[in-house]
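>>> need a structure here:
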Amino acid sequence: MANNKHKVFISYHHKNDQEYKEALLSLNKYYDLFIDASVDTGDIDDDLPDETIRQKIRDEYLKDSTVTIVLVGLETKYRKHVDWEIYSSMYNGKVNKQSGVLVINLPVTGCTYFTAAHGEEEKKVVYPSTTSWTTIDNRAEYNRRYPYMPERIIDNLLNKDALISVTNWDNIIDDVKKLRLLIELTYRDRFKCKYDLSRPMRRRNA
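From the prediction side, this is the model:
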C-alpha cells in the first residue's frame, strides 16, 4: 500500500460533532495520516445559483483536496453546508477536479452496518472477520441501515459507479492502518467515480 499523504477535507456538523473532527485531527497529528485541507465554509448566500455555490466551495474552500471525509452524526443530513460540501466534492470543476468521498458514521448514530466499495483489499484489511457480503439495490434498505445518512450519499450508494465506502468510527479509530487504507483507496479511485448529482442542492437547514 502506498504511504503518500493526501489532502483531506472533513465535512461535518460543526455544532454537534466538533469533538470528532478534533479527535480525527489529533489522530492525524500523531500518526501523520493525511494533510488537513479543512476550512470553515462560513456564510454563503443561499440565493446564489447552484453553479456559483458549488464553484465557490470547490475552488475556494475544497481547493486542491482530493479526499472528502464526511462525518455523519444525528443531524448531519439536515445541514445545507454539508450537502454543499458533498456536492462540491463530487463536482468535477474546471480548476479543481472531483474528490473521492469516504463516509464515517459516528458512535451517536448507533450504526453497525458498513459498505466496502473499493474491492478485496478493503474487505480483507478493514473487515477481516466478515465472510459474507450483501448487495443492496434499493433506497428503503439503505435508509433502514443508515437512517442518519445524507440523501445525496444514499443517491450515490445506489449508484454503483460512485465507489463510496461507509465505515464506523469505532472500527477505524483504534486501528490507523484501516483509516490509512480507506483514505488511500478513496484517493486512488476518485476519478473512476461517476457521481449522481441530480438532486437539487439543499437551500436551508431542517
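
>>> low pLDDT regions in this structure?
1-3 (pLDDT under 70).

>>> Show me the helices in this structure, by range?
Ranges of helices in the chain, per DSSP state H, are 14-31, 50-56, 80-90, 120-126, 139-145, 151-157, 169-172, 176-188.

>>> Report the separation between the residue nearest to F34 when sequence neighbours are not counted and S38.
Spatially, and ignoring its direct neighbours in sequence, F34 is nearest to V8 (4.2 Å; Cβ to Cβ, 6 or more residues apart in numbering). The C-beta positions use only the backbone N, C-alpha and C, and glycine is treated the same way. From V8 over to S38 the distance is 7 Å, taken as Cβ to Cβ, to the nearest Å.

>>> which of the two has more neighbours?
A side-by-side neighbour count of V8 and S38, using other Cβ atoms under 10 Å, places V8 first with 24 against 20.

>>> That one reaches L24, doesn't it?
No. Judged on Cβ atoms under 8 Å, V8 makes no contact with L24 at a distance of 9.1 Å.

>>> tell me, what's touching the two both at once?
I69 (Cβ atoms under 8 Å, 6 or more residues apart in numbering).

>>> Contact partners for the closest residue to L102 other than its chain neighbours?
Using Cβ to Cβ, 6+ apart and skipping residues adjacent in sequence, the residue nearest L102 is T186, 4.5 Å away. T186 makes contact with V67, G100, V101, L102, H118, S165 under the criterion Cβ under 8 Å, 6+ apart.

>>> Looks like R54 contacts S89 (just checking).
No. Between R54 and S89 there is no contact under Cβ under 8 Å: 9.6 Å.

>>> okay, these two: which has more neighbours?
The neighbour comparison of R54 against S89 (other Cβ under 10 Å) goes to S89, with 26 against 22.

>>> what's that one in contact with, if anything?
F9, S11, R58, L62, S65, T68, Q98, S99, V101.
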